[in-house]
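> the following comprises the amino acid sequence and a computationally predicted model.
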Amino acid sequence: MAKIAFLGAGLMGRAMIRNFLGAGHEVTVYNRTTEKARPLEALGAVIATTPRQAAGGADVIMSSLTNDDASRATWTGPDGALQGDFNPGAFAIESSTVSLTWVASLDELARARGLRFLDCPVAGRPDVAEAGQLKIFAGGDAEDVEAVRPVLAAISKSVMHLGAVGSGITFKLIYNVMGTIQVAACAEGMYACEAAGIDLAVAAEGFSTGATGSPHVVRHAQYMAEDKHEDPIQFSGRMRIKDVDYGIRLIESVGAQSLIGHATKDVFEQMVDNGMGDLNDSELIDTLRLVHKEV
């Protein structure tokens, strides 16, 4: 069993921590707001007050954080995880959805401290994380991926090795742009049906059972038809913008275009502009209703 330092105890982080503990791993947790991590103590987790303290003696240091700024502060701050006294040959694993630029920098910083670095962003919402069924997109040396695969098995149903460091987050950002496009298209389609007088329950069934029925569409069309959204919030409009922004920059940096990505970002920015940015992404349909009233 591994000694794991886990940085970040949000919805996704807490679910992963519970599964690591359930698999018998020893887990020390750092969260910026310490009290939010306290319930994990009853499951056997140790709560650290700094990332550096969490990383002490760790075999694996893994983070699940909001964005580049949060990741940078947690890994490299004055009491950051990279200042910790971790075990020789320990792994540093960034599972957050951050930018490729930051992943490349973190790789260099981690390797300078003797850590084996992997970027392992995950696919799946908190309910999928709770079930230990995440998909992991791994970037790094093949030998390192294989060495840590038994640990990651506690939180995932598959670990896809995409290639060298950076390839995991590269794929995840493209993946998230595609997923966000589907959510925006679902909202537009559902609202267009409503405006045309089509019952939304019927529209949701048609979109979900036809060729348009991706998992995103199935989930979001139902929420929109019932006007019932996830509680607690699973994926906000503001977080969609963050992911798409990182994704567009990545896509354009390799010489590809992201025209639909830009349009999708614009639609979700309308959601933020209308004061709905911290609501579920499925509530994008309400933004479209407001915009229609204003026209």
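Received, thanks.
> next SSE after the biggest strand by length in the chain?
Longest strand of the chain, by residue count under DSSP state E: strand 156-163. Next helix or strand after strand 156-163 toward the C-terminus (DSSP states H and E): helix 167-195.
> give the buried residues for that following helix.
Of the residues in helix 167-195, 167-177, 179-187, 189-191, 193-194 count as buried by neighbour count, 16 or more other C-beta atoms under 10 Å. Every C-beta, even on glycine, is put in place using the N, C-alpha and C of the backbone.
> what's around Lys3, how many residues?
When counting by other C-beta atoms under 10 Å, one arrives at 18 neighbours for Lys3.
> state the distance from it to Ala195.
Distance of Lys3 to Ala195, given as C-beta to C-beta, to the nearest Å: 56 Å.
> do Leu118 as well
From Leu118 to Ala195 the distance is 47 Å (C-beta to C-beta).
> same deal with Asn67?
To Ala195, Asn67 is 35 Å away according to C-beta to C-beta.
> what's near enough to touch the nearest residue to Thr76 once chain neighbours are set aside?
Once flanking residues are discounted, Thr76 sits nearest to Leu82: 5.8 Å by C-beta to C-beta, 6 or more residues apart in numbering. Shown in contact with Leu82 (C-beta atoms under 8 Å, 6 or more residues apart in numbering): 55, 75-76, 92, 109-110, 113, 115.
> can you select the buried ones from those residues in PyMOL?
Listed next is the PyMOL selection for buried residues among the contacts of Leu82, using 16+ other C-beta under 10 Å:
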select buried, resi 55+75+76+92+109+110+115
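> which of the contacts of Leu82 sits closest to Ala154?
Of all the contacts of Leu82, Ala92 has the smallest distance to Ala154: 17.9 Å, by C-beta to C-beta.
> pretty sure the closest one is in a strand, no?
Yes. Remark: Ala92 belongs to a strand, assigned using DSSP: H, G, I helix; E, B strand; the rest coil.
> check contacts around Glu283.
When contacts are counted by C-beta under 8 Å, 6+ apart, Glu283 touches 229, 237, 271, 276.
> next, it: secondary structure please.
Here Glu283 is recorded as helix under three-state DSSP.
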